[in-house]
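# sequence first, then the predicted structure:
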Amino acid sequence: MGVVYAIDLIGTFAFAISGALVAKREDFDIFGVIIIAFVTAVGGGMLRDILINAYPINWIGDLNYIWVILMAVVVMYLFKSKIASLSKTMFLFDTVGISVFTILGLQKGLSFHLPPIVALIMGMVSAVFGGVLRDVLTREVPLIFKKEIYASACLLGGVVYLILQKLKIDSNLQFIISAAVTFTVRFVAVKYRLQLPKIDKDIFGN
Amino acid sequence: MGVVYAIDLIGTFAFAISGALVAKREDFDIFGVIIIAFVTAVGGGMLRDILINAYPINWIGDLNYIWVILMAVVVMYLFKSKIASLSKTMFLFDTVGISVFTILGLQKGLSFHLPPIVALIMGMVSAVFGGVLRDVLTREVPLIFKKEIYASACLLGGVVYLILQKLKIDSNLQFIISAAVTFTVRFVAVKYRLQLPKIDKDIFGN
Amino acid sequence: MGVVYAIDLIGTFAFAISGALVAKREDFDIFGVIIIAFVTAVGGGMLRDILINAYPINWIGDLNYIWVILMAVVVMYLFKSKIASLSKTMFLFDTVGISVFTILGLQKGLSFHLPPIVALIMGMVSAVFGGVLRDVLTREVPLIFKKEIYASACLLGGVVYLILQKLKIDSNLQFIISAAVTFTVRFVAVKYRLQLPKIDKDIFGN
């Protein structure tokens, strides 16, 4: 499915740009920038593949990831000042990226005959852990741990995919609808600054 | 051996609670809390399995770990205020947990025909690295690196196991005695606030 | 090739000493010191082997690494005060180490039939990621990300190796020349305090 592959590479590109920007802001040199861009872009899928024993792992099995990441680093250096003003475009790319990464990771998990809940986790790992590794290497507290709509959006899209699959609807539709769910949830959440409640007094009152 | 499996799950539960408490204290949201609970509880065994190529890795091969961890997170939220007053019970669970994790990890290493010293390291990795990963993700300096009785207790229990195995005593006894050694050493060390000397002037005098 | 193996162990020793020194400075206890020495010395090769599915991984397949690392820890404690004055010797060991690690990692990658660019990355991972893991565990911003001559030197040596291999010159010569390139570049860079430009105004002027 060529469209999905294209979106996968676009998502990779967006993740790499976001990693490169963080590294640049932290005053890393060119190698640091490349490593952080790399880890952000393919770290989630890499961890997924190691966890489920899927060798060769993502970026070793398909060199296009490397080229896309290197391109993203060049683009970041060339258009650094302009990228700030493109933050909405970047956010769109990034959100498309996690939507697709989630479903692709989930599908890979299922294709390895993992139980649905494990496949679901693999979808989330694919979409989320690149950012976690980026934050660990740049000594940030992983953002994902404090603003959970991101992970919730992946979870929801993944659950929808599993349901649609049970319903045996067309497989392209399965993909499109569930990715759209993740996309929409995150998009709306960011636009209206939604956050899940910190489960605390809000819910249990203790 | 049903008893060992039960203790394994109890240890997992205790580790998950401890991870969830740390994450809550750091003001992580629900997803952050689940991830930290998860990593603390199964991170050591997961790393061990990746290092020795034991697929499917621990929590993928047995879904009960996932359910136990999710239960622990719910319990943490429900009884947060009470858990503080249960710290002695939690400490007991946790100490039983590391005692069992050490021997189970060591046994798994041996069952993969690894040399005894590597199996011993695998026992310690199983018991210790969940906490290390928790600390890395929450940006703490890993506690284990500063208060070594924890690791020493695991090491001692592991060494005792290897000796008992050479002596060919009953395999249940091997397990019980060596786990009891780890348990006792840690229990006594914490009760009397023992710490290994920082090897420094204390020992080498330079 | 016995000489290469000897140099591999010497490099391991140098890396272990450097890790142990950092851990000691951070006031870690004996277990913390051993773990950091271990991770610094074999972490890069361990990560490489996990990424390319090369089991048993480096230190599990050859116990000599463990003994060398334990020896290095003892040496660090015994001669702590003298090692400071030996910093030039240590730097030489360390630089020989990365030079050899890079080419050994690259060769291992090629022997697993990986594309040259992936093998090149594996060479760099071998030489560089032990230090990255050390820095993550001790909560430093990984040095490598800020002083890139280190990584550049590895990259250059690796590229030279790939070229020499295409030219089909004697395989010992391939090894020696390319390792010498890494060694020389790093040696000269440190001696004259060279740094690649932070790509910024320096280059793109924006």
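Received it, and whenever you're ready, just let me know what you need.
# so where does the residue of chain A found nearest chain C fall, helix or strand?
Of all residues in chain A, A:G32 sits closest to chain C, at 2.9 Å by CB to the nearest CB. Any C-beta I mention is one placed from the backbone N, CA and C, and that applies to glycine too. Secondary structure from DSSP states H and E places A:G32 in helix A:30-51.
# that helix: how far from the chain's middle?
Distance of helix A:30-51 from the chain centroid (CA atoms, centre = their mean, to the nearest Å) equals 11 Å.
# for it, packing partners?
helix A:2-25, helix A:58-61, helix A:64-85, helix A:87-111, helix A:116-137, helix B:30-51, helix C:30-51 (3 or more CB pairs under 8 Å, 6 or more residues apart in numbering or on different chains; DSSP states H and E).
# kindly recompute the last result at 6 Å.
If you count contacts as 3 or more CB pairs under 6 Å, 6 or more residues apart in numbering or on different chains; DSSP states H and E, helix A:30-51 packs onto helix A:2-25, helix A:58-61, helix A:64-85, helix A:116-137.
# report the inter-axis angle for the third one versus helix A:30-51.
Taking axes from the mean of the first three to the mean of the last three CA atoms, to 10 degrees, one finds that helix A:64-85 is oriented at 120 degrees with respect to helix A:30-51.
# buried residues of helix A:64-85, list them for me.
Across helix A:64-85, burial judged by 16 or more other CB atoms under 10 Å in any protein chain shown covers A:Y65, A:I66, A:V68, A:I69, A:A72, A:V73, A:V75, A:M76, A:Y77, A:K80, A:I83.
# so A:V136 versus chain B, what's the distance?
6 Å (CB to the nearest CB, to the nearest Å).
# please tell me how far that residue sits from B:N64.
For A:V136, the distance to B:N64 equals 29 Å [CB to CB, to the nearest Å].
# what do you get for A:I177?
Look at A:I177 and B:N64: by CB to CB, they are 32 Å apart.
# closest point of chain A to chain B, which residue?
Closest point on chain A to chain B, by CB to the nearest CB, is A:F145, at 2.9 Å.
# can you give me the neighbour number for that residue?
Residues near A:F145, counting by other CB atoms under 10 Å in any protein chain shown, number 24.
# and the spatially closest residue to it that is not a sequence neighbour, what pLDDT?
Leaving aside its sequence neighbours, A:F145 sits nearest to B:G32 (CB to CB, 6 or more residues apart in numbering or on different chains; 2.9 Å). At B:G32, the pLDDT value in this model is 89.
# give the contact list for the spatially most central residue of chain A.
The centroid of chain A falls nearest to A:A127 when counting by CA atoms, centre = their mean (2.9 Å). Taking CB atoms under 6 Å, 6 or more residues apart in numbering or on different chains, we find A:A127 in contact with A:I98, A:F101, A:T102, A:C154.
# again with A:M46
A:I57, A:N58.
# now the helix or strand hosting A:Y150, how far from the chain's geometric center?
Taking DSSP H and E as the criterion, the element that holds A:Y150 is helix A:149-166. Remark: helix A:149-166 is offset 14 Å from the chain centroid, using CA atoms, centre = their mean.
# cool, stretch A:165-174 as well?
Relative to its chain's centre, stretch A:165-174 lies at 22 Å (CA atoms, centre = their mean).
# could I get that stretch in CSV with only the CA atoms?
The C-alpha trace of stretch A:165-174 is given here as CSV (Å, rounded to 0.1, in the frame of the first residue of the first chain):
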residue,chain,number,x,y,z
GLN,A,165,-10.9,-5.8,12.2
LYS,A,166,-13.3,-8.0,14.1
LEU,A,167,-16.1,-6.6,12.0
LYS,A,168,-14.1,-7.7,9.0
ILE,A,169,-14.7,-4.5,7.0
ASP,A,170,-12.4,-3.6,4.1
SER,A,171,-8.8,-3.5,5.3
ASN,A,172,-8.0,-0.1,3.7
LEU,A,173,-11.0,1.3,5.5
GLN,A,174,-9.8,-0.3,8.8
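# buried sites along it?
Neighbour counts using 16+ other CB under 10 Å place A:Q165, A:Q174 of stretch A:165-174 among the buried residues.
# near chain C, which residues of chain A are found?
A:F28, A:D29, A:I30, A:F31, A:G32, A:Y55, A:I60, A:Y77, A:S81, A:R139 (CB under 6 Å from any CB of the partner chain).
# picking up where we left off before, how about the contacts of A:A127, which pair is most distant?
A:F101 and A:C154 (8.1 Å; CB to CB).
# just to revisit the earlier point, kindly reformat the contacts of A:A127 as CSV containing pLDDT and neighbour count.
Output for the contacts of A:A127, formatted as CSV (pLDDT from 0 to 100; neighbours: other CB atoms under 10 Å in any protein chain shown):
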residue, pLDDT, neighbour count
A:I98, 90, 29
A:F101, 94, 28
A:T102, 96, 32
A:C154, 94, 30
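# where does pLDDT dip in chain A?
Within chain A, the segments meeting pLDDT under 70 span A:1, A:84, A:143-144, A:146-148, A:195-206.
# 80 instead, please
For chain A, applying pLDDT under 80 flags the ranges A:1, A:81, A:83-90, A:139-149, A:193-206.
# thanks again, I'm all set now.
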